[in-house]
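> Need coordinates for the below:
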Amino acid sequence: MTTLLVDVAKKTMLLVSYSYAAFVGFIFVAQRKLQYFPTTSAPPTVDELPHICRSIMDFDVCTVDGLVLNGWVWDEPKCQILVLHLHGNAGSRYHRLYWAHEVKKRLRCAVALFDYRGFGGNPGVISEDGLIEDAVAAIKWAHVQAGQNDKKLVLHLESIGSVAGLSALAKISTEVKVHGIVVEGGLSSCYDLARSMFPLVPVSLLLRDKWERAMNGARGLQRSIHFMSLHGKADRVVPLWCGMKLFQAVACTRKEFVTFQTGEHNNLFLQPDYFEKLASFYAEVSGKTAHATDDLFARKLER
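Predicted coordinates for the structure are as follows:
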């Protein structure tokens, strides 16, 4: 009987070992498919968008490795702020169009929506280094546009856009002027998230895109930049602790961490006071009194 039990135990351990190895191997091979969920197809052309969006213009940037990446810019006459939106790890700029409409109409800001490589019909293979270079190119473009049009530049960094944008700024902090940064659902690193999700997996050895440079980017921000983090307490994708860790590293003296009680990762713009918080922030950046019009969600995008 003892010999039988030992044999069963050995076979069980062997099965567990094989299963663990297979699981780890799957994570290693498929990790970028588990980490990024782009809409790879190109969005509709401007002429195909709803009529209220027909004033949008295409723009493109060239990355250091020679990729030409596309985005949209939606100007607002006589406004003082240009908002460059760097989105998260899923979808494309087309899925942020309603958000851009609200910011432009209600808060009177010009808005630029940008797609990284591999997103929204853009060429290239998605990777941490690649997305950082994309963010570098986009921020440089927005810096020039803001300067030419006498506007102040605000970065709106959504989810993985927070680590992409802050990592990019660490590389070009002496080349560009950024007046404000809004982080929405931001994270300290993908390594921190993966380690909390898979405590029994050697994440430090397996994970290719750790996104750990963002913390150094946060620590190196100019102290005069206005900074605000927006985070949902019900966020299950990027838990509150992960966003707070990034916020605590931010070197800016004027910074605020705003939480939304029922906010999740992808619905903060539906939370009460979301646009009011943005309005107050933009007012601080521009030096004016906050103003956000009523009836924030009274109109939908219609053709």
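
> Helices along the stretch 51-200 of the chain, start to end?
With DSSP state H, counting those that start in this stretch as the criterion, the stretch 51-200 of the chain has helices at 97-107, 128-148, 160-172, 190-197.

> Out of these, which gets nearest to residue 46?
Of all the helices of the stretch 51-200 of the chain, helix 97-107 sits nearest to residue 46, with 11.0 Å by Cβ to Cβ. No exception for glycine: its C-beta is placed from N, CA and C like everyone else's.

> Pull out the buried residues from that closest one.
For helix 97-107, burial by neighbour count (16 or more other Cβ atoms under 10 Å) applies to 97, 99-104, 106-107.

> remind me which residues of the protein are low pLDDT?
1-34, 289-303 (pLDDT under 70).

> cutoff 80 now
Residue ranges of the chain with pLDDT under 80: 1-34, 198, 200-206, 288-303.

> Strands of the stretch 201-303 of the chain, residue ranges please.
226-232, 254-260 (DSSP state E, counting those that start in this stretch).

> The first one packs against which elements?
With contacts defined as 3 or more Cβ pairs under 8 Å, 6 or more residues apart in numbering; DSSP states H and E, the secondary structure elements packing on strand 226-232 are strand 180-184, helix 240-249, strand 254-260, helix 274-286.

> partners of it, with directions?
According to DSSP bridges, strand 226-232 has the following sheet partners: strand 180-184 (parallel), strand 254-260 (parallel).

> Out of the helices and strands packed on strand 226-232, which one sits most buried?
strand 180-184 (a mean of 26; mean count of other Cβ atoms under 10 Å).

> what's the angle between it and helix 274-286?
Here strand 180-184 points in a direction 160 degrees away from that of helix 274-286 (axes from the mean of the first three to the mean of the last three Cα atoms, to 10 degrees).

> Send over strand 180-184 as PDB, restricted to the C-alpha atoms.
Extracted C-alpha coordinates of strand 180-184, given in PDB (Å, rounded to 0.1, in the frame of the first residue of the first chain):
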ATOM      1  CA  GLY A 180      -0.700  69.600 -17.400                       C
ATOM      2  CA  ILE A 181      -1.000  65.800 -17.200                       C
ATOM      3  CA  VAL A 182      -4.200  63.900 -16.400                       C
ATOM      4  CA  VAL A 183      -3.800  60.200 -15.700                       C
ATOM      5  CA  GLU A 184      -7.000  58.100 -15.900                       C
END
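
> any idea how far the spatially most central residue of the chain lies from residue 205?
Nearest residue to the geometric centre of the chain (Cα atoms, centre = their mean): residue 161, 2.2 Å. Residue 161 is 27 Å from residue 205, where distance means Cβ to Cβ, to the nearest Å.

> Just the residues contacting stretch 243-252, thanks.
162, 166, 181, 183, 185-188, 192, 214-215, 218-227, 229, 231, 235, 255, 257 (Cβ atoms under 8 Å, 6 or more residues apart in numbering).

> Could I have the ChimeraX command that selects the buried members from those residues?
The command below creates a ChimeraX selection of those among those that count as buried (16+ other Cβ under 10 Å):
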select :162,166,181,183,185,186,187,188,192,214,215,218,221,225,226,227,229,231,235,255,257
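
> what comes up buried for stretch 148-165?
For stretch 148-165, burial by neighbour count (16+ other Cβ under 10 Å) applies to 151-165.
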